[in-house]
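[1] Let's see this in three dimensions:
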Amino acid sequence: MVDIERALLNPSAVFSAPEDVLSAGGLTREQKIDILKRWEYDARELEVATEENMPGSKPSRLRTILKALDELGYDPALDKDPPTKQGGS
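    Just a heads-up that it's a prediction; the model follows:
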C-alpha cells in the first residue's frame, strides 16, 4: 500500500522512478497525476537551481515525469498558464 501523503510530499522517497507511479496499485488516476505533478514541480525547481549554478546531485527526471503524465492522459493545457518556471503563481 502506498503512503499517499508521503508520496505527495516527496515522490522520490516513495517511488524509484516516475514509471513506478503508473504501475502502483491502490492509487486512483487523479492521485497518480497529483503525485507526478508534485514530482514535476520538484524537477523544475532542480532545473532552475542548475541554471543558477547550483547543480543538484541527481539528474533531472522532467522528461520521464512528463511522459508518465501524458500516459495518464493528463493535459497541462487545462491548467492555467504558469507565470514561473516552477508552475506557481
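
[2] Setting aside sequence-adjacent positions, which residue approaches the spatially most central residue of the chain most closely?
    In the chain, the centroid-proximal residue (CA atoms, centre = their mean) is W39; its distance is 2.2 Å. Nearest non-adjacent residue to W39, counting by CB to CB, 6 or more residues apart in numbering: P11, 4.1 Å away. For every residue, glycine as well, the C-beta is placed using N, CA and C.

[3] Now for that neighbour: which residues touch it?
    P11 is in contact with V21, I35, L36, R38, W39, D42, counting by CB atoms under 8 Å, 6 or more residues apart in numbering.

[4] ok so, going back, which positions in the host helix or strand of the residue nearest to the centre of the chain come out as buried?
    W39 belongs to helix 29-51 when assigned by DSSP states H and E. Residues 31-44, 46 are the ones in helix 29-51 that count as buried (16 or more other CB atoms under 10 Å).

[5] Pull up the gap between the residue nearest to W39 and A77, please.
    Using CB to CB, to the nearest Å, P11 is found at 23 Å from A77.

[6] Equivalent analysis for D70, please.
    Separation of D70 from A77 (CB to CB) stands at 12 Å.

[7] And for K67, nearest residue in space, chain neighbours not counted?
    In space, K67 comes closest to P18 once its chain neighbours are excluded; the distance is 7.4 Å by CB to CB, 6+ apart.
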